[in-house]
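**Q** fold the following and give me the result.
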Amino acid sequence: MPSPDVEFAHFWIARGAVDGAHEWEPLTGGNTNETWRVGDRIVKRFREGGETPIFGNDVRSERLALTALEGTGLAPELIDAEGDTVVYRRIEGEVWRPAHGVEVVAQALAALHAQPIPEGLAHADLRKDVLVQQTLTMSGKVPPVPDDLPPAREVFLHGDATAGNALVTDGRVTFIDWQCPAFGDAAADVAVFLSPAMQWMSGNNPLTAEEVEGFLAAYGDAAVADRYRALAPLYAARMRAYCRWRAARGDEGYGKASLLEEV
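**A** Model prediction:
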């Protein structure tokens, strides 16, 4: 990704959002939006059409989430936002690895899910029938799933709570990349973090059965854990279909990742 155009850079420097003495360093962790590190700031410019069949991409939603979570330590500090761009303070942390322990992410996710749902946050319909339809739309096969499911608990969702979006600093987790927050079924966030494919795309091996159970225990809500377990085959089928959808569009690594989802 190239450096930003001069007019764009000067706009944010003039607003005081970034220091003009620092270089604009392109970040290549994802390919959905344009992102730069400028000193201790991150500048993210959203691209149109960055949404996928299961992950949204909306600058307004990111701005809303960062504002709502100010002071919690669960999200970066929002510095400024205008139009298609947000500027936030860079988190000095490491991408989550299994050596950090699954408990720190489970506890952070539980803390997020306990936050008040901000007014204006979009609702994500994550009912079984919707998950089935999404899977079929991506040409996936749908496994048998019980009709009698534990009830959903609707909460403040990150929406893309992968290991790659969980940064660990002094034993605490801060989530980044808030382009698709919503309120909806808590089990959906749990499923994204536990997904073997998403662990692989974050640079980790799939979690062991013991690590999965350790995560669910540390999350601390038996009803959410039971709903996750009941929907796990469907979550896996949906993620496998999504990875194949990404691979068909040339996104590196997703073909291998799709094979890790046991359906």
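**Q** what bridges to the nearest residue to residue 122 once chain neighbours are set aside?
**A** Nearest in space to residue 122, with sequence neighbours left out and distances taken as Cβ to Cβ, 6 or more residues apart in numbering, is residue 182 at 4.8 Å. Heads up, the C-betas are built off the backbone N, CA and C, glycines and all. In this entry, residue 182 is beta-bridged to residue 157, by DSSP bridges.
**Q** please report how far residue 182 lies from residue 133.
**A** In this view, residue 182 and residue 133 are 17 Å apart by Cβ to Cβ, to the nearest Å.
**Q** so for these two, which sits in the more crowded spot?
**A** Between residue 182 and residue 133, counted using other Cβ atoms under 10 Å, residue 182 has the larger neighbour count: 24 against 13.
**Q** surely the more buried one and residue 120 touch.
**A** No - under the criterion of Cβ atoms under 8 Å, residue 182 makes no contact with residue 120, lying 11.1 Å away.
**Q** for the stretch 51-200 of the chain, which segments count as strands?
**A** Using DSSP state E, counting those that start in this stretch, the strands of the stretch 51-200 of the chain run over residues 78-82, 85-89, 94-95, 154-157, 166-169, 172-175, 182-185.
**Q** figure out which of the ones you listed is closest to residue 20.
**A** strand 85-89 (13.5 Å; Cβ to Cβ).
**Q** list the contacts of the residue nearest to residue 233 when sequence neighbours are not counted.
**A** Leaving out its chain neighbours, the residue that sits closest to residue 233 by Cβ to Cβ, 6+ apart is residue 143, at 4.2 Å. For residue 143, the contact set (Cβ atoms under 8 Å, 6 or more residues apart in numbering) comprises 233-234, 236-237, 263.
**Q** same thing with residue 214?
**A** 102-103, 106.
**Q** tell me which of these fall in helices.
**A** Applying DSSP state H to the contacts of residue 214, the entries found in helices are 102-103, 106.
**Q** residue 18: which of those residues is nearest?
**A** Using Cβ to Cβ, residue 106 is the member of the ones in helices among the contacts of residue 214 that sits closest to residue 18, with 34.4 Å.
**Q** if we ignore the residues flanking it in sequence, what's nearest that closest one?
**A** residue 218 (3.7 Å).
**Q** now the helix or strand where that neighbour lies: how far from the chain's centre is it?
**A** In this assignment (DSSP states H and E), residue 218 forms part of helix 209-219. Helix 209-219 has its C-alpha centroid displaced from the chain centroid by 19 Å (Cα atoms, centre = their mean, to the nearest Å).
**Q** following the chain past that helix, name the next helix or strand.
**A** Helix 209-219 is succeeded, C-terminally, by helix 222-248 (DSSP H and E).
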